[in-house]
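Participant: fold the following for me, if possible:
(chains A and B)
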Amino acid sequence: MSTAAPAKTKYEAVIGLETHCQLNTATKIFSPISTEFGALPNSNISPICLGYPGVLPVLNETVLEYAVKAGLALNCAIAPYSKFDRKQYFYPDLPKNYQISQFDLPIAEHGSLEIELYDKKTGTIERKTIGITRLHMEEDAGKLVHAGSDRLSGSTHSLVDFNRAGVPLLEIVSEPDIRTGAEAAEYGQELRRIVRYLGISDGNMQEGSLRCDVNISVRPEGQQEFGVKVEIKNMNSFSAIQKAIEFEIERQIAAIEAGEPILQETRLWDEGGQKTISMRVKEGSSDYRYFPEPDLPPIEVSVEQRDRWHAELPELPAQKRRRYATELGLSPYDARVLTDDCTVAAYFEAAIANDTHPKQVANWVMGDIAAYLNSEKRDITEIALQPARLAELVNLIEAGTISGKIAKELLPELLTQPVDSVEQLIESRGLIQISDIGAIEKIIDDLLAANPDKVEQFRNGKTKLQGFFIGQIMKQTGGCADPKLTNQLLSQKLKG
Amino acid sequence: MTSIDREQVKKVAHLARLELTPEEEVAFTSQLSRILDYAEQLSELDTEGVPPTTRAIETSNITRPDTLEPFPNREALLSEAPERDDEFFRVPQILDSED
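Facilitator: Reported below is the predicted structural model:
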């Protein structure tokens, strides 16, 4: 708008993520009560969950194991001495008026997570390391249902369901190393892959087992000090995280350019409106009055115990991606898709263990099988086609025993009906590819003899008729004629 | 020696959601000060070279297996609530999420 057009200031965003991940243990963190999702309200509660006087919380040993494993997977230093603390605040979903959490001695600190940013246009990847400040164990709060209104404001009273109170959480805090919405979304996805690979959480964002809060500020590029930090909550998908950040970056830059102050506040992502809205302005830092939880003795993880748990870690997604690219020669894209879900990766690896071409298996898993799983809303562990049978199918194509086309036609049946041998099946169906030159030549000769007019037309330039002849041959052979060979032989014969 | 003033008492009372009368504020200011002064005696000890601790008893790593033991008397827990609404605990209107 201004005619003088001053040099435009470039801004960069400084973003950190705070992630809460629900662990999939059978029981709560400090009581032997079920963690089941979706149970009847207040059916999974006990005097410990409700904070009755005189009860004694006892740490679930599996929570500790999962926390240490997650810490190790995130390259953290595991604290040799760790403790729990009480974080005091009042809210009706918090029965004890304090949350048992970890304050100054978290179980894991100083880690890192490598993310891989895939460029769709070039098919290349860029790797970036995001620091992990800390990881600690804590308990979840209950759930509020606001009555008289679907929102807090306007409700006449609220109902509390304490089933979730005491469900174990890992809180994972990143360093402010993230710069874009895409990086934040990828960080969240990589965290989810890791907890799923470890088998410690289902990482389901819709059900709230994985919740990400974003801290974001904007500053002119090159400036050392941070801008005013805003917190964004309420994103229930990775794309929502990305969009909320992209919206917030633009909002903050526009405010700075307009000379308006940025308030230190909490904002909510409004999915319907695709914007962030102010929830509350933070006045000073909260006074949680942390102090050591006297009911829970400290945790001392010995070097031996840590090393034992370390040895139990599976191959992690980043390691798998590298190995698929370097050892199996797959593209970065294929490696990403195959390793995204650990059950798919396990299936793929079981299939290629049968001396099968990795790229061919990858194509089936990422193509027809993935399409089927998608349309049927199924998991790869639920299909009838065992990895070894897929390997057999791929090897039969490679050997020229069946054509790729026949294999594709067989697939829907193989996905739903278990078979002992794909080879036996194709034999019994008479689907074995005809690759015998003499046999194919005989068919072609007969066909050309029966259609002299069409041969004449072809030779006069109507080359499209080649398709007609191929079609006839396939029809006669039930699709079993080797397509490549047939094409070659037919071309030769048509040319005369 | 007064180790706590009235403003601090007001702040602590607010954090604990206690409503104090002005008389109580005065009374608690001197009472809390006396308690703090009493505890202050500990600083007479020479703790130079003594590592800090977070516990009073020498015990650590008390855990339990991840085994389900449901609490059998749900009804008793719900009926203890000051207010209930069928299978929910009922709480008054939440006006300000910060307060």
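Participant: give me the element the closest residue to A:Ala77 other than its chain neighbours is part of.
Facilitator: Using C-beta to C-beta, 6 or more residues apart in numbering or on different chains and skipping the chain neighbours, the partner closest in space to A:Ala77 is A:His110 (5.1 Å). No exception for glycine: its C-beta is placed from N, CA and C like everyone else's. A:His110 is part of strand A:108-119 when elements are defined by DSSP states H and E.
Participant: how about the helix or strand just after that strand: buried residues?
Facilitator: Counting by DSSP H and E, the element after strand A:108-119 in chain order, helix or strand, is strand A:124-139. Judged by neighbour count using 16 or more other C-beta atoms under 10 Å in any protein chain shown, the buried positions of strand A:124-139 are A:Ile125, A:Ile130, A:Gly131, A:Ile132, A:Thr133, A:Arg134, A:Leu135, A:His136, A:Met137, A:Glu138, A:Glu139.
Participant: quick one, phi/psi of the closest residue to A:Val167 other than its chain neighbours?
Facilitator: For A:Val167, the nearest residue in space outside its immediate sequence neighbours is A:Asp140; the separation is 4.2 Å by C-beta to C-beta, 6+ apart. Dihedral angles of A:Asp140 (phi, psi; degrees, to the nearest 10) stand at phi -80, psi 160.
Participant: which strands or helices does the longest strand seen in chain B pack on?
Facilitator: Ranked by residue count, the top strand of chain B under DSSP state E comes out as strand B:88-92. With contacts defined as 3 or more C-beta pairs under 8 Å, 6 or more residues apart in numbering or on different chains; DSSP states H and E, strand B:88-92 has these neighbours: strand A:157-161.
Participant: ok and the strand it packs on relative to strand B:88-92, angle-wise?
Facilitator: Orientation check (axes from the mean of the first three to the mean of the last three C-alpha atoms, to 10 degrees): strand A:157-161 against strand B:88-92 gives 150 degrees.
Participant: so what are the sheet partners of strand A:157-161 and their directions?
Facilitator: Its sheet considered, strand A:157-161 pairs with strand A:143-147 (antiparallel), strand B:88-92 (antiparallel) by DSSP bridges.
Participant: and that strand, how far out from the chain's middle?
Facilitator: In terms of C-alpha atoms, centre = their mean, to the nearest Å, the gap separating the centre of strand A:157-161 from the centre of its chain is 33 Å.
Participant: close to chain A: what parts of chain B are there?
Facilitator: When proximity is defined by C-beta under 8 Å from any C-beta of the partner chain, chain B lies next to chain A at B:15, B:17, B:54-57, B:59-71, B:74, B:77-78, B:85, B:87-94, B:97-98.
Participant: residue ranges with poor pLDDT in the stretch 1-150 of chain A?
Facilitator: Within the stretch 1-150 of chain A, the stretches with pLDDT under 70 are A:1-6, A:148-150.
Participant: spell out which residues of it are next to chain B.
Facilitator: Where the stretch 1-150 of chain A comes near chain B, counting by C-beta under 8 Å from any C-beta, the residues are A:25-27, A:32-34, A:40-47, A:50, A:58-64, A:83, A:88, A:90-92, A:105, A:144-147.
Participant: show me the residues you listed that map onto helices.
Facilitator: By the criterion of DSSP state H, membership of those in helices covers A:Glu61, A:Thr62, A:Val63, A:Leu64.
Participant: which strand residues bridge the closest residue to chain B within the stretch 151-300 of chain A?
Facilitator: Per C-beta to the nearest C-beta, the residue of the stretch 151-300 of chain A with the smallest distance to chain B is A:Leu159, at 3.7 Å. A:Leu159 forms beta bridges with A:Val145, B:Arg90, as assigned by DSSP bridges.
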